[in-house]
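> Just the structure for this:
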Amino acid sequence: MTDQNPITLQFSTADYAGKDGIEAWRHLFGRAICDLDIEPLTDQPFHSRAVVRVLPGLGVASGVCSGAHYWRPRHLIKNDDLVFVFNHDGVDRAKMLGRESIIEPGQAVLFALDTVGGTTNKSHSRFTTIRIPRAALAPALQDMNAAVLQPIVSNNIALNLLRNYISVLENPQALAKPEAQNLVVAHIHDLIALALGPTKDAGELARKRGGRAARLRAIKADVARQAENYDLSISSIAARHGVTPRYIQMLFGEAGTSFSEYMGMQRLAAAHRMLADPALAHRRIAEIALTTGFSNVSYFNRAFRRQFDVTPSDVRAGFSLAN
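Have a look, this model is predicted:
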């Protein structure tokens, strides 16, 4: 695996006139990126858009598309990569290796690119596909062949962690260094293996590496979303994620911080947003402090100034002067 800068490509049929959009989707997305033949299913206006992100050992495409038939004939087989597909909306009918599977919304499935096959979605679909080298995944699985075209249910823990974790690819700062890129790629490989059924040794490594990283990211995102909730606590977060408070403390400790420190930072950030929000200009600073979990206003003022180098009153006054 060689180091390189992440590559991001964007495509939309809206950028083309009439049927030119369909042909562009076939050639740019189907042939150049996915090694697929694509055939729209209806005479209705066809639309599609996708964002493709490429790192060493990983390619991720996310987008939407009208109903279409995606098929890889033998002459388009170029390598033995694997593609892990999330079906967010719509129902996919997948065929490969003499098997046929129905992939419901919220489920996922694995395809092998060295095999004739494909999928059909008869209506609007929303998808995320993750392409990885076979050598990065096959040795970690109990049964590689059995994993192909086997639907992964929507409540699979690793699948849900992966669904949240891949959002890290949208953050250029998180991928600024080659070592960070390689670690993110390894985590995604780990989570796919866990979702499909790893060997004992591979599963243990994947849970310690990708599993913990994804769990921490999911918990951090949850805390950030709930930062304005006065009742937010490590116990409530642990219950929501099906883990223990002690496990959460361990995750944050391994990252060099603590749950309480992170929660405090997110609450201060929420308070800053509220103070700068014109719709909340009528709310007193003490009320905002209480809403974001600070029962002591003096402590809130000190912590706020330490974090942002301005006082809560400065933020509100700055808003007032600007308006």
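
> how about the helix or strand where residue 273 lies: buried residues?
Using DSSP states H and E, residue 273 sits within helix 259-276. Buried residues in helix 259-276, counted by 16 or more other C-beta atoms under 10 Å: 259, 262-268, 270-272, 274-275. Bear in mind the C-beta positions are built from the backbone N, C-alpha and C, glycine included.

> Next, format these as CSV and append pLDDT and distance to residue 99.
As requested, the buried residues of helix 259-276 are exported to CSV (pLDDT from 0 to 100; distance: C-beta to C-beta, whole Å):
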residue, pLDDT, distance to residue 99
259, 97, 45
262, 97, 45
263, 95, 47
264, 95, 52
265, 96, 49
266, 96, 46
267, 95, 50
268, 96, 53
270, 94, 49
271, 95, 54
272, 95, 53
274, 93, 53
275, 94, 57
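
> Distance to residue 205 for those residues - can I get that in a markdown table?
As requested, the buried residues of helix 259-276 are arranged in a markdown table below (distance: C-beta to C-beta, whole Å):
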| residue | distance to residue 205 |
| --- | --- |
| 259 | 25 |
| 262 | 26 |
| 263 | 30 |
| 264 | 33 |
| 265 | 31 |
| 266 | 31 |
| 267 | 35 |
| 268 | 37 |
| 270 | 36 |
| 271 | 40 |
| 272 | 40 |
| 274 | 43 |
| 275 | 45 |
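
> Pick out the most distant pair among these.
259 and 275 (24.5 Å; C-beta to C-beta).

> coming back round to it: quick one: the helix holding residue 273 to chain centroid distance?
Chain-centre distance of helix 259-276: 23 Å, with C-alpha atoms, centre = their mean, to the nearest Å.

> Need the contact partners of that helix.
Contact with helix 259-276 is made by 220, 223-224, 227-228, 232, 234, 237, 248-249, 252, 280, 283, 285, 288-289, 291-294, 300, 303-304, 307-308, 312, 315-316, 318-319, as judged by C-beta atoms under 8 Å, 6 or more residues apart in numbering.

> If we use 7 Å, what do you get?
220, 223-224, 227-228, 232, 234, 248-249, 252, 280, 288-289, 292-293, 303-304, 307-308, 312, 315-316, 319 (C-beta atoms under 7 Å, 6 or more residues apart in numbering).

> This structure: strands as residue ranges?
7-12, 37-40, 48-55, 58-65, 68-72, 82-89, 92-96, 99-103, 108-112, 117-121, 125-132 (DSSP state E).

> Out of these, flag the one nearest residue 200.
The nearest among these, by C-beta to C-beta, is strand 108-112 at 20.1 Å.

> if we can go back for a sec, tell me the one of the buried residues of helix 259-276 nearest residue 50?
For the buried residues of helix 259-276, the residue nearest residue 50 by C-beta to C-beta is residue 266; the value is 32.2 Å.

> What sits closest to that closest one if chain neighbours are left out?
residue 227 (4.1 Å; C-beta to C-beta, 6 or more residues apart in numbering).

> Next one: the one you found from residue 237, what distance?
Between residue 227 and residue 237 the computed distance is 12 Å (C-beta to C-beta, to the nearest Å).

> residues in contact with residue 118?
By C-beta under 7 Å, 6+ apart, residue 118 lies in contact with 36, 70, 71, 72, 95.

> Recalculate using a threshold of 8 Å.
36, 37, 69, 70, 71, 72, 94, 95, 96.

> just the buried members of these?
Members of these classed as buried by 16+ other C-beta under 10 Å are 36, 37, 69, 70, 71, 72, 94, 96.

> Would you state the helices of the stretch 151-300 of the chain in chain order?
157-165, 178-196, 200-206, 212-225, 234-241, 245-254, 259-276, 285-291, 297-308 (DSSP state H, counting those that start in this stretch).

> Reformat the ones you listed as CSV; add distance to residue 57.
Below are these laid out as CSV (distance: least, C-beta to C-beta, whole Å):
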stretch, distance to residue 57
helix 157-165, 16
helix 178-196, 5
helix 200-206, 15
helix 212-225, 16
helix 234-241, 28
helix 245-254, 24
helix 259-276, 30
helix 285-291, 45
helix 297-308, 38
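
> Return the per-residue confidence for residue 176.
For residue 176, the pLDDT comes out at 89.

> which regions of the stretch 101-250 of the chain sit below the pLDDT cut-off?
Across the stretch 101-250 of the chain, nothing is flagged by pLDDT under 70.

> how does it look with 90?
Scanning the stretch 101-250 of the chain for pLDDT under 90 picks out 122-124, 172-174, 176, 227-231.

> where's stretch 298-316 relative to the chain centroid, distance-wise?
33 Å.

> Stretch 178-195 too?
Worked out by C-alpha atoms, centre = their mean, stretch 178-195 lies 12 Å from the chain centre.

> Buried ones in it, by neighbour count?
Result for stretch 178-195 [16+ other C-beta under 10 Å]: buried residues 181-195.

> got it, and stretch 114-129?
So stretch 114-129, judged by 16+ other C-beta under 10 Å, has buried residues 117, 118, 119, 120, 121, 125, 127, 128, 129.
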